[in-house]
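Peer 1: what follows is a predicted structure for the sequence shown.
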Amino acid sequence: MKDGVNGVALGVFIFFFLAVTVMGFVAARWRKAENEHSLDEWGLGGRSFGTWITWFLLGGDLYTAYTFVAVPAVIYAAGAAGFFAVPYTILVYPLIFTFLPRLWSVSHRHGYVTTSDFVRGRFGSKGLSLAVALTGILATMPYIALQLVGIQAVLDVMGIGGSAGSNWFVKDLPLLIAFGVLAAYTYSSGLRAPALIAFVKDTLIYIVIAVAIIYIPIKLGGFDDIFASANEKFTKAGAGALVSPPAAQWTYATLALGSALALFMYPHSITATLSSKSREVIRRNTTILPLYSLMLGLLALLGFMAIKSGVSVTNPQLAIPQLFENMFPSWFAGVAFAAIGIGALVPAAIMSIAAANLFTRNIYKDFIKPDATPEQETKVSKLVSLLVKVGALVFVLTMDKTVAINFQLLGGIWILQTFPALVGGLFTRWFHRWALLAGWAVGMVYGTVAAYNVASPTNPGQKHFGGSNAEIPGLGEMGYIGLTAFTLNVAVTVVLTFALKALKAPEGVDETKPSDYTADAGDPGVEVELPPATAGASH
């Protein structure tokens with residue numbers, strides 16, 4: 001790491017940060033609605049975004065600063081295991097093509113803002129809805145925190161954060177400023193702010209990766225030398241591999257599949273989806289979003305380039321920012337750092353909005369103030385979005401970074417347990433609401449306990465939450481804990497559904513009908529309808 005502050009890189013970084021800050025506040029007037037006091041407007045951008053805005057928003061939402069830093073960091077440290085992120089983002093798009101249009105249609109028809117809204121309406125169960133909402137908030141918090149980790153990595157390499165200085169306030173001041181600005185324009189503009197900023201974020205990332213994938217290999221002697229250096233490192237170290245060995249294939253496959261199933265269970269993914277203006281926008285996006293998977297594959301190769309270039313860091317999260325500073329001219333390193341920094345602001349904004357919407361609609365309105373007006377809902381959601389960001393900031397500033405990463409691993413395990421209620425409910429009403437709740441509980445408990453018992457393979461002092469893989473019961477193979485928990489979840493749900501139906505247990509009222517799941521904007525009778533139980537509320 002270079003000594004002192006990289007002034008040129010810092011100047012470029014500040015320029016882009018100021019530009020997106022202005023855009024964040026200007027976004028409040030972009031596509032401005034007559035009535036701004038509703039979650040449809042503040043939390044979903046008026047459900048008005050077309051194909052390209054939705055594409056940039058979803059891309060900015062799913063491919064975060066942590067992705068930019070962490071995927072090549074895993075490959076830098078462990079090799080082929082890190083490439084699981086590429087096949088899982090390929091698997092996910094055919095999967096979401098089957099159910100996201102149905103979710104958009106029924107949500108548009110009934111004014112659902114969150115997945116928990118749908119679950120409550122479909123199964124007539126506030127308890128199941130609450131479980132889904134709490135899981136979403138719980139899984140999202142560490143995800144927001146990891147965006148801060150991405151920004152901290154950039155600030156550290158530029159010499160103005162992380163380890164810089166001895167006073168905690170001085171070293172963390174840049175991070176405090178960044179998220180203070182983020183909180184301000186998210187509060188003011190809602191989802192429109194990250195939607196507008198996502199254009200800048202994705203453009204910068206594509207430029208940086210296109211340059212990096214051509215320029216860096218030329219300076220390092222070509223891909224043959226890059227792969228040879230990586231292979232030599234892993235062979236000598238005895239940890240990691242250039243190609244996954246047979247013993248790791250179950251782990252690789254289950255991690256890819258489980259991650260694919262979990263990705264669009266996250267509240268921020270659904271929030272970005274429901275902001276689109278039509279069912280066809282969603283279908284088109286599932287066909288063009290794989291372009292990001294191509295970008296991710298190229299991005300992953302940066303981990304091998306960092307090995308070849310001689311990057312030596314104690315924290316692998318710093319490997320790619322350090323590679324950029326070492327290999328690029330200072331001005332372009334600033335562009336790359338800006339791409340990572342803005343790549344944290346966009347998803348952090350969407351995540352905080354999504355978590356706030358869940359609290360407002362499925363905790364505050366359902367259990368605290370059922371007669372809340374649209375204006376009150378919007379005010380509460382704005383305030384909660386601030387609290388969520390503050391919580392994530394405190395989390396990162398007071399806890400070890402590995403703790404944040406481990407909680408994010410848990411987040412994937414947890415959010416996957418909402419799959420049966422959400423995706424199952426989109427296609428069938430057969431599952432019993434109590435069975436779904438019991439299956440969710442079994443999956444959550446098993447997944448959490450199994451992850452707690454995993455010791456870190458690289459840190460002897462870390463006895464708990466050291467990874468997301470454990471032995472699969474009955475198979476004797478190592479696999480992704482989340483997928484094992486999900487399998488138990490489904491098994492319990494199916495068995496209990498048979499039992500509860502035999503006992504004629506009350507199943508709750510389904511407020512949806514078959515035609516709701518295929519309706520599109522502009523179809524007769526498709527405009528947002530207020531269910532009788534929530535008349536007067538903002539939907």
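Peer 2: The structure has been received and is ready for your questions.

Peer 1: in this structure residue 102 contacts residue 424, no?
Peer 2: No. Between residue 102 and residue 424 there is no contact under C-beta atoms under 8 Å: 11.8 Å. Quick note: C-beta positions are derived from backbone N, CA and C, even for glycine.

Peer 1: any weak-confidence spans in the stretch 301-450 of the chain?
Peer 2: Applying pLDDT under 70 to the stretch 301-450 of the chain flags residues 399-405.

Peer 1: report the contact partners of residue 229.
Peer 2: 304, 307, 308 (C-beta atoms under 8 Å, 6 or more residues apart in numbering).

Peer 1: quick one: which of those sit in strands?
Peer 2: Assignment to strands by DSSP state E places none of the contacts of residue 229 there.

Peer 1: so which of the residues you listed are in helices?
Peer 2: Those of these mapping onto helices are 304, 307, 308, per DSSP state H.

Peer 1: from those, which is closest to residue 143?
Peer 2: The shortest approach to residue 143 among these belongs to residue 304, at 26.6 Å (C-beta to C-beta).

Peer 1: leaving out sequence neighbours, find the closest residue to the closest one.
Peer 2: residue 230 (4.4 Å; C-beta to C-beta, 6 or more residues apart in numbering).

Peer 1: quick check: which ranges of the stretch 101-250 of the chain have low pLDDT?
Peer 2: Where the stretch 101-250 of the chain drops to pLDDT under 70, the residues are 161-171, 239.

Peer 1: quick one, helices of it?
Peer 2: 115-123, 126-158, 168-189, 192-220, 223-237, 249-263 (DSSP state H, counting those that start in this stretch).

Peer 1: ok, now the stretch 301-450 of the chain?
Peer 2: Under the criterion DSSP H, counting those that start in this stretch, the stretch 301-450 of the chain contains helices at 302-308, 319-327, 330-359, 374-398, 401-416, 419, 425-427, 433-452.

Peer 1: picking that back up, dump the contacts of residue 229 to JSON lines, plus distance to residue 437 and neighbour count.
Peer 2: Shown next, in JSON lines, are the contacts of residue 229 (distance: C-beta to C-beta, whole Å; neighbours: other C-beta atoms under 10 Å):
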{"residue": "304", "distance to residue 437": "46", "neighbour count": "25"}
{"residue": "307", "distance to residue 437": "48", "neighbour count": "25"}
{"residue": "308", "distance to residue 437": "51", "neighbour count": "23"}
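
Peer 1: rebuild those residues as TSV, extending it with distance to residue 174.
Peer 2: As requested, the contacts of residue 229 are exported to TSV (distance: C-beta to C-beta, whole Å):
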residue	distance to residue 174
304	30
307	29
308	31
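
Peer 1: between the residues you listed, which sits nearest residue 415?
Peer 2: Nearest to residue 415 among these is residue 304, at 30.5 Å by C-beta to C-beta.

Peer 1: gap between that closest one and residue 183?
Peer 2: Distance from residue 304 to residue 183, counting by C-beta to C-beta, to the nearest Å: 37 Å.

Peer 1: residue 298 too?
Peer 2: On the measure of C-beta to C-beta, residue 298 and residue 183 end up 33 Å apart.

Peer 1: for residue 20, find the nearest of the helices of the stretch 301-450 of the chain.
Peer 2: helix 330-359 (5.5 Å).

Peer 1: so which of the helices of the stretch 301-450 of the chain comes closest to residue 208?
Peer 2: Nearest to residue 208 among the helices of the stretch 301-450 of the chain is helix 330-359; the distance by C-beta to C-beta comes to 4.7 Å.

Peer 1: what comes up buried for that closest one?
Peer 2: Within helix 330-359, the residues scored as buried using 16 or more other C-beta atoms under 10 Å are 330, 332-359.

Peer 1: and stretch 229-246, by the same measure?
Peer 2: Using 16+ other C-beta under 10 Å as the test for burial, stretch 229-246 gives 229, 230, 231, 233, 234, 240, 241, 242, 244.

Peer 1: farthest pair within those?
Peer 2: The distance between the two most remote of the buried residues of stretch 229-246 (C-beta to C-beta) is 18.8 Å, for 229 and 244.

Peer 1: circling back to that earlier point, pick the most deeply packed of the helices of the stretch 101-250 of the chain.
Peer 2: Highest mean neighbour count of those: helix 115-123, a mean of 27 (counted as mean count of other C-beta atoms under 10 Å).

Peer 1: that one versus helix 330-359: what angle between them?
Peer 2: Orientation check (axes from the mean of the first three to the mean of the last three C-alpha atoms, to 10 degrees): helix 115-123 against helix 330-359 gives 30 degrees.

Peer 1: which strands and helices lie in contact with helix 115-123?
Peer 2: Secondary-structure packing of helix 115-123 (3 or more C-beta pairs under 8 Å, 6 or more residues apart in numbering; DSSP states H and E): helix 85-110, helix 126-158, helix 425-427.

Peer 1: contacts for the last one next, please.
Peer 2: It stands for helix 425-427. Helix 425-427 is contacted from outside by 99, 102, 103, 106, 118, 119, 122, 123, 431, 517, using C-beta under 8 Å, 6+ apart.

Peer 1: what about residue 504, which helix or strand?
Peer 2: Using DSSP states H and E, residue 504 falls within no helix or strand.

Peer 1: quick check on it: phi, psi?
Peer 2: Backbone torsions for residue 504, taken as degrees, to the nearest 10, come to phi 60, psi 40.

Peer 1: isn't residue 256 up against residue 84?
Peer 2: Yes. Counting by C-beta under 8 Å, residue 84 is a contact partner of residue 256 at 4.7 Å.

Peer 1: touching both of these two, which residues are there?
Peer 2: Contacts common to residue 256 and residue 84, judged by C-beta under 8 Å, 6+ apart, are absent.

Peer 1: what pLDDT does residue 524 get?
Peer 2: At residue 524, the pLDDT value in this model is 56.

Peer 1: list the contacts for the residue nearest to the spatial centre of the chain?
Peer 2: Residue closest to the average C-alpha location in the chain (C-alpha atoms, centre = their mean): residue 62, at 5.3 Å. Residue 62 sits next to 89, 263, 269, 292, 347 when contact means C-beta under 8 Å, 6+ apart.

Peer 1: ditto for residue 160
Peer 2: When contacts are counted by C-beta under 8 Å, 6+ apart, residue 160 touches 5, 10, 174.

Peer 1: and residue 193, how far from residue 187?
Peer 2: Counting by C-beta to C-beta - residue 193 and residue 187 are separated by 9 Å.

Peer 1: cool, and residue 432?
Peer 2: Distance, residue 432 to residue 187, by C-beta to C-beta: 41 Å.
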